[in-house]
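Novice: Fold the following for me, if possible:
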Amino acid sequence: MNHCFQTTAKLAAFAMAALPLAVQAQVLEQTTAASSSEAALNPVVVTAALAPRTANESLASVTVLDKDTFRRQDPASITDLLRGQPGVDVSSNGSFGKNSSVFIRGTGSGQNVLLIDGIRLRSATSGGAAWQHLEPRMFDRAEIVRGPRGSLYGADAVGGVIQLFTPEGREDGPQPRISVGGGSFNTQRISTGISGKEGGTRYSFAGSHFTTDGQPVRRDGDNKGYDNTTALARVSHTFDSGAEAGVLVLRARGNNEYDGGENDFVQQVAGVYGELPVTDSWRSRLTLSEARDENDDFSAFGDSVFDTKVSTARWENTFIVGDHELVAGTEYSEDRVNSTTAYDETSRSNTAVFTQALLDFSPFTLQASLRFDDNESYGEEVTGSVGLGYDLDGHHTLRANYGTAFNAPTYNQLYFPGFGNPDLNAETSESVEIGVRGQYASWFWDVALYQTEIDNLITGQGLQFNVPETRIRGAELAAGVEVNDWTLAAALTYTDPENRLTGKRLQNRSSQSIRLDADRELGEWSVGGSWVAQNHRYRDAQNQDRLSGYGLVNLRAGWQFAPLWSARVTLENVLDQDYVTTRSFDGADYINAGRAGFLSVHFGQ
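Specialist: Purely as a prediction, here's the structure:
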């Protein structure tokens, strides 16, 4: 009872923190107003509802990292942008291409979905996405949707969905761009691209190369290098009839040295789509896509191959009925595994039908969705969600959500020799959330409280098994402001992920984090910095192997020294923190990079 009271008190205190922000926001609104600030602070989001909605209209907890954020922070890794965002935690086996995991609301990488321009990327063997191989200069936007989305995206969308968007040609005529840089650890990087619009055709082509000698991942170890070459091609055409067709290919390949060996990797998404306005109120879209996750591994234990391919066909229909919007569709996908490891099964297919209603009864809005999945390996699953929003006034929106999801066992969890368990059950979850958002001309704040209950959580450092009951409680506070050439953002996260059988915290999760980002425009110059701090986490399920918390300070500065030309300096981990987010099975720390500096020169918009 005392523990329950303390947890409830923490959540209540967290929510109360939003009240003074609301008062300040009303004052700021009276003194500043800019349409560009409103667009940046209340962006359009498409991932949460399969339809464009501004952040304050969305009934989900969302965070958008826009093009300006990508360019200001100029990160070495996508995970550097995600670390410490509301509800998001990151752990890695070192820096520069080393294995990384992204947690959303206390759920692991295999319990979340990564989309690239609507195409899902994951490994069918490990279940999670290879975040470490995503080259940030190939993207100019990220949407982080927190909360279950199983009824829209199927298996694994338990904690949330992150979608990355590649550049889209929007300006008339070709717009070239190039970036060259380097720095610590003999790091070198170059990226180039061209995008634009000619008549009804939009195009974007880009390429990049990143290489580094790296640093040791164990104390007193050898440097572990990494290289990554990525290419992107995206073309679409809108016809006079309103029909649209497009194609996307994004491919990354390279080599990563890790503790005990190295691997050659390929990450690829490819898709083609056609969209047709059947009537004035009915649009139909068909997407055919393929995602590849391939690894040729060379280690002291021998050479191995883990290649997975996910092929998907998705047909989606959108109907407009007055102020309401209905979506109905079907999806077929097939996983295939080609490996030197003898899996009992090497392919499985999944067939799904789904529907969603977005209803506007102003000041009330309703989002309801339902999905049925039939998988040849783990059977049938039905997931659904319902969200209700209420506009309290012109600036404040209250929301409440309930949703279910499931996480399918991976090939490794089911069949890997000495590790897999073919008797595993799929994880199932129920989540509830309440939230409120304040949206003003130059300021916003958003607070959410949630609880997720997961049955049959799959875990184990050796043989995999199901944990009967897991409960994750949490609270998130996000705020942002653009005023007087300042761009400020803050995120606070509290998470209580508990194994109900033992009362222990789930391993590899921190329970508290804070992130502050501040940037200032000074004419031709710009300066900024980020501070990310997280408390301790446990490497083991018994909560005996503790990893200390840490705080990171990153600084940056930019100079627009000529039209279309700029230079940027970034200093990462300025305080040279020795921080660890995970350990190897033999108890050795996987250390991350210390203080590092990088300089880059850019041409283009």
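Novice: Only alpha carbons, please: show the helix or strand where residue 515 lies as PDB.
Specialist: If you go by DSSP states H and E, residue 515 is part of strand 512-522. The C-alpha atoms that make up strand 512-522 are tabulated as PDB, following Å, rounded to 0.1, in the frame of the first residue of the first chain:
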ATOM      1  CA  GLN A 512      13.600   8.900 -14.700                       C
ATOM      2  CA  SER A 513      15.000  11.100 -17.400                       C
ATOM      3  CA  ILE A 514      15.100  14.800 -18.400                       C
ATOM      4  CA  ARG A 515      16.100  16.400 -21.700                       C
ATOM      5  CA  LEU A 516      16.600  20.100 -22.300                       C
ATOM      6  CA  ASP A 517      17.400  21.600 -25.700                       C
ATOM      7  CA  ALA A 518      18.100  25.300 -26.200                       C
ATOM      8  CA  ASP A 519      19.100  27.100 -29.400                       C
ATOM      9  CA  ARG A 520      19.600  30.800 -30.200                       C
ATOM     10  CA  GLU A 521      19.800  32.600 -33.600                       C
ATOM     11  CA  LEU A 522      22.300  35.500 -33.600                       C
END
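Novice: Which element is encountered next along the chain beyond that strand?
Specialist: Note on strand 512-522: by DSSP H and E, the next helix or strand toward the C-terminus is strand 525-534.
Novice: What is that following strand packed up against?
Specialist: Counting contacts by 3 or more C-beta pairs under 8 Å, 6 or more residues apart in numbering; DSSP states H and E, strand 525-534 packs against helix 67-73, strand 512-522, strand 550-562. Backbone N, C-alpha and C define where each C-beta goes, glycine included.
Novice: Can you give me the buried ones in the second one?
Specialist: It stands for strand 512-522. Across strand 512-522, burial judged by 16 or more other C-beta atoms under 10 Å covers 513, 514, 515, 516, 517, 519, 521.
Novice: out of those residues, what pair is the most spread apart?
Specialist: Farthest-apart pair in those is 513 and 521; separation 27.6 Å (C-beta to C-beta).
Novice: ok, which stretches of the chain are helices?
Specialist: Secondary structure of the chain (DSSP state H): helices at 2-16, 18-31, 35-41, 67-73, 78-82, 150-153, 411-415.
Novice: Just the residues contacting the last one, thanks.
Specialist: By C-beta atoms under 8 Å, 6 or more residues apart in numbering, the residues outside helix 411-415 that reach it are 124-127, 308, 335, 337, 343-345, 377, 419-422, 424, 458, 464.
Novice: hmm, which of these are the buried ones?
Specialist: Buried members of those, scored by 16+ other C-beta under 10 Å, are 124-127, 308, 335, 337, 343, 377, 420-421, 424, 458, 464.
Novice: For these, which two are the farthest from each other?
Specialist: The most widely separated members of these are 308 and 421, with 19.7 Å between them, by C-beta to C-beta.
Novice: ok now stretch 576-587, how far from the chain's centre?
Specialist: 23 Å (C-alpha atoms, centre = their mean, to the nearest Å).
Novice: end-to-end on it?
Specialist: 23 Å (C-alpha to C-alpha, to the nearest Å).
Novice: next one: stretch 210-229
Specialist: Stretch 210-229 end-to-end distance (C-alpha to C-alpha) = 6 Å.
Novice: Kindly report the same for stretch 591-605.
Specialist: 36 Å.
Novice: Report the buried residues of it.
Specialist: Buried residues in stretch 591-605 (16+ other C-beta under 10 Å): 591, 592, 593, 594, 596, 598, 600, 602.
Novice: got the contact list for the last one?
Specialist: Translated: residue 602. Neighbouring residues of residue 602 by C-beta under 8 Å, 6+ apart: 177, 178, 179, 565, 566, 567, 568.
Novice: Bridged to it, which residues?
Specialist: Beta-bridge partners for residue 602, by DSSP bridges, are residue 179, residue 566.
Novice: in the stretch 201-350 of the chain, which spans are strands?
Specialist: Taking DSSP state E, counting those that start in this stretch as the criterion, the stretch 201-350 of the chain contains strands spanning 201-215, 224-238, 244-258, 261-279, 282-299, 302-321, 324-339, 347-361.
Novice: Would you mark the buried spots in the fourth one?
Specialist: By that I understand strand 261-279. By neighbour count with 16+ other C-beta under 10 Å, strand 261-279 contains the buried residues 263, 265, 266, 267, 268, 269, 270, 271, 273, 275.
Novice: Just the pLDDT for residue 177.
Specialist: If you check residue 177, the pLDDT there is 94.
Novice: So it sits against residue 204, correct?
Specialist: No - using C-beta atoms under 8 Å, residue 177 is not in contact with residue 204; the gap is 10.3 Å.
Novice: Can you check which residues contact both of those two?
Specialist: Common contacts of residue 177 and residue 204 (C-beta under 8 Å, 6+ apart): 193, 194, 195.
Novice: what sits against the last one?
Specialist: So that's residue 195. With C-beta under 8 Å, 6+ apart as the criterion, the residues that contact residue 195 are 167-171, 174-175, 177, 202-206.
Novice: and if we set it to 7 Å?
Specialist: Shown in contact with residue 195 (C-beta atoms under 7 Å, 6 or more residues apart in numbering): 167, 169, 175, 203, 204.
Novice: What is the neighbour count of the second one?
Specialist: Applying other C-beta atoms under 10 Å, we find 21 residues neighbouring residue 169.
Novice: likewise the one 3 residues further on?
Specialist: A count of nearby residues for residue 172, using other C-beta under 10 Å, gives 10.
Novice: And the closest residue to it other than its chain neighbours, how far from residue 601?
Specialist: Of all residues not flanking residue 172 in the chain, residue 197 sits nearest, at 5.5 Å (C-beta to C-beta, 6 or more residues apart in numbering). Distance of residue 197 to residue 601, computed by C-beta to C-beta, to the nearest Å: 27 Å.
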